[in-house]
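Enquirer: sequence first, then the predicted structure:
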Amino acid sequence: MIDLEKNYSINARRMKKSVIRELLKLTAKPEIISFAGGLPAPETFPIDELDDICSSVLKEYGARALQYGPTEGIDLLKDQLIEWAKRDNVSITRENILITVASQQGLDLISKIFIDPSDPIIVGLPTYLGGLSAFNTYGAHLVGVKVDENGMNIDKLEIKLKELRKKEEHYKFVYVVPDFQNPTGTTMTIDRRKKLIELSKEFDFLILEDSPYRELRFEGEEPESMLSLDNIGNVMSLHTFSKIFAPGFRLGWVIAEPAIIDKLVVAKQSADLCTPPFTQFIVYEYMKRGLLEKNIKSTIEVYKKKKNLMIKYLDKYLPKHDEISWTNPEGGLFLWVKLPKKIDTEKMFEEAIKENVAYIIGSAFDAYSKSRNCIRLNFSYAKEELFEEGLKRLGKVIEKNL
Ligand SMILES: Cc1ncc(COP(=O)(O)O)c(C=O)c1O
């Protein structure tokens, strides 16, 4: 066989296996209580309703649902999404929408059309791993800006932008997950959002708003979305049905200026021609029947309860220590635990697995592989009755490492 390493493209050589996927393989044993993966609660999947909708889609749309479709996505679903965007006071037309194979494809296509090797792309420290790997594949130079309890620190961002401008670096976009960020669960304040929009005008960059969790707010006030604050077309916004409906559908959508959508459409053609029309018709029908709203309401109830359970048992079982703290998110699926600096959560991971409890190491989400003393905990997936035992085990592992 030929020497593959010599023949792989530069892009392929840059690709790294997802740390999360590798860790998740270790957490698959049934005896492990896992707060690791980002899986939605299976009990929120609308299986009975889908049983009925699948057959009615086949009856009503038959061959259309099984045929190739337009790369942009089907108009019936786009029209539902135009209505959906009004919940955020966002007014768009079909030309602003591209339906994708969930938001991970949006991240890849946006990287494909914007990133040249060595382009600085600004990301939160920490931020969503799948975003980092998409940008990295296309050779981005990742520039990190600290995320604190109020989202990305915009003052630090401004300093970074000034530095990059001085060096005449061609930065293209800033990537943010403003609502219930993965991994920290934090939400960017309205003041920071407004300042980010102002900076995008002053320093000429696009904002990539990745928004899978926004609808899953179970308490507190909702700040306006980046998209709704934007009045000059600088925001590209990624959405997905993965966390509000079912990730197995692999369905999402991008909202952006028509010129960007046009370019993304061409990029998508060489990736997969079109998003499966069958799944689009099913979700269209699901939305038309008003079921998405209903599903979100009940999902929120489930997650609120689980988040409260997690906080309660973190309080009870994590050692009392002034360098141990955690976020208390108002929505979403995750929270972030900071441990004393001397703890390396990657080393501790093996011990946690021995104790049959799992988390994701903080460094997986850090563009500079720091955050080694942090862990991400997911509260959506584990069964309620396992939270106490799982967090007791985690507390024990941390105690041993102090
Ligand atoms: C911030 C963020 N963006 C994108 C994704 C990708 O989701 P999907 O491709 O299922 O829409 C995830 C998944 O967890 C995420 O947390």
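Expert: Looks like it arrived, so ask away.

Enquirer: what sits up against the helix or strand containing S103?
Expert: Using DSSP states H and E, S103 maps to helix 102-114. Contacts to helix 102-114, defined as C-beta atoms under 8 Å, 6 or more residues apart in numbering, come from residues 98, 100, 130-131, 134-135, 137-138, 140, 172-173, 206, 208, 210, 212, 236, 238-242, 247, 249-254, 260, 263-264, 267-268, 271-272. Using the backbone N, CA and C atoms, a C-beta is placed for each residue, glycine as well.

Enquirer: near the ligand at all, the helix or strand following that helix?
Expert: As assigned by DSSP H and E, the chain's next helix or strand after helix 102-114 is strand 120-125. No. Figure legend: strand 120-125 not in contact with the ligand (C-beta under 6 Å from any ligand atom); closest approach 10.3 Å.

Enquirer: what helices or strands is strand 120-125 leaning on?
Expert: helix 129-137, strand 141-148, helix 154-166, strand 173-176 (3 or more C-beta pairs under 8 Å, 6 or more residues apart in numbering; DSSP states H and E).

Enquirer: tell me the helix or strand right after the lowest-mean-pLDDT helix or strand in the chain.
Expert: Within the chain, no helix or strand scores below helix 19-26, which has a mean of 76 by mean pLDDT, DSSP states H and E. Note on helix 19-26: by DSSP H and E, the next helix or strand toward the C-terminus is strand 33-34.

Enquirer: just checking: what are the partner strands of that next one?
Expert: strand 357-358 (parallel) (DSSP bridges).

Enquirer: which bits of the stretch 151-300 of the chain sit near the ligand?
Expert: For the stretch 151-300 of the chain, the residues in contact with the ligand (C-beta under 6 Å from any ligand atom) are V177, N182, D210, P212, T240, S242, P247, G252.

Enquirer: picking that back up, which parts of the least confident helix or strand of the chain are buried?
Expert: Residues of helix 19-26 classed as buried under the neighbour-count rule (16 or more other C-beta atoms under 10 Å) are V19, I20, L23, L24.

Enquirer: same deal with stretch 114-126?
Expert: F114, I115, D119, P120, I121, I122, V123, G124, L125, P126.

Enquirer: how about stretch 5-22?
Expert: V19, I20.

Enquirer: now swap in stretch 270-277 and tell me
Expert: C274, T275, P276, P277.

Enquirer: just the closest of those residues to the ligand, please.
Expert: Ranked by distance to the ligand (C-beta to the nearest ligand atom), those are led by T275 at 11.9 Å.

Enquirer: SS state for the closest one?
Expert: Assigned by DSSP: H, G, I helix; E, B strand; the rest coil, the conformation of T275 is coil.

Enquirer: once you drop chain neighbours, what's closest to it?
Expert: I99 (4.9 Å; C-beta to C-beta, 6 or more residues apart in numbering).

Enquirer: and that neighbour, which helix or strand is it part of?
Expert: strand 97-100.

Enquirer: quick one: terminal-to-terminal distance for stretch 117-137?
Expert: Length of stretch 117-137, first residue to last, C-alpha to C-alpha, to the nearest Å: 9 Å.

Enquirer: check stretch 285-294 too.
Expert: Stretch 285-294 end-to-end distance (C-alpha to C-alpha) = 14 Å.

Enquirer: the residue nearest to Y303 when sequence neighbours are not counted: what's it in contact with?
Expert: In space, and not counting its chain neighbours, Y303 is closest to S380: 5.6 Å by C-beta to C-beta, 6+ apart. S380 makes contact with G38, L39, P40, A41, V302, Y303, K306, L333 under the criterion C-beta under 8 Å, 6+ apart.

Enquirer: look up the closest residue to the residue in the stretch 251-400 of the chain that the ligand sits nearest to, ignoring the ones flanking it.
Expert: At 4.6 Å from the ligand, G252 is the closest residue in the stretch 251-400 of the chain, using C-beta to the nearest ligand atom. Of all residues not flanking G252 in the chain, T240 sits nearest, at 3.7 Å (C-beta to C-beta, 6+ apart).

Enquirer: what's the domain layout of the protein?
Expert: 4-46+294-401, 65-290 (automatic domain parsing).

Enquirer: format those as TSV; extra columns: distance to D52.
Expert: Output for the domains of the chain, formatted as TSV (distance: least, C-beta to C-beta, whole Å):
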stretch	distance to D52
domain 4-46+294-401	10
domain 65-290	9
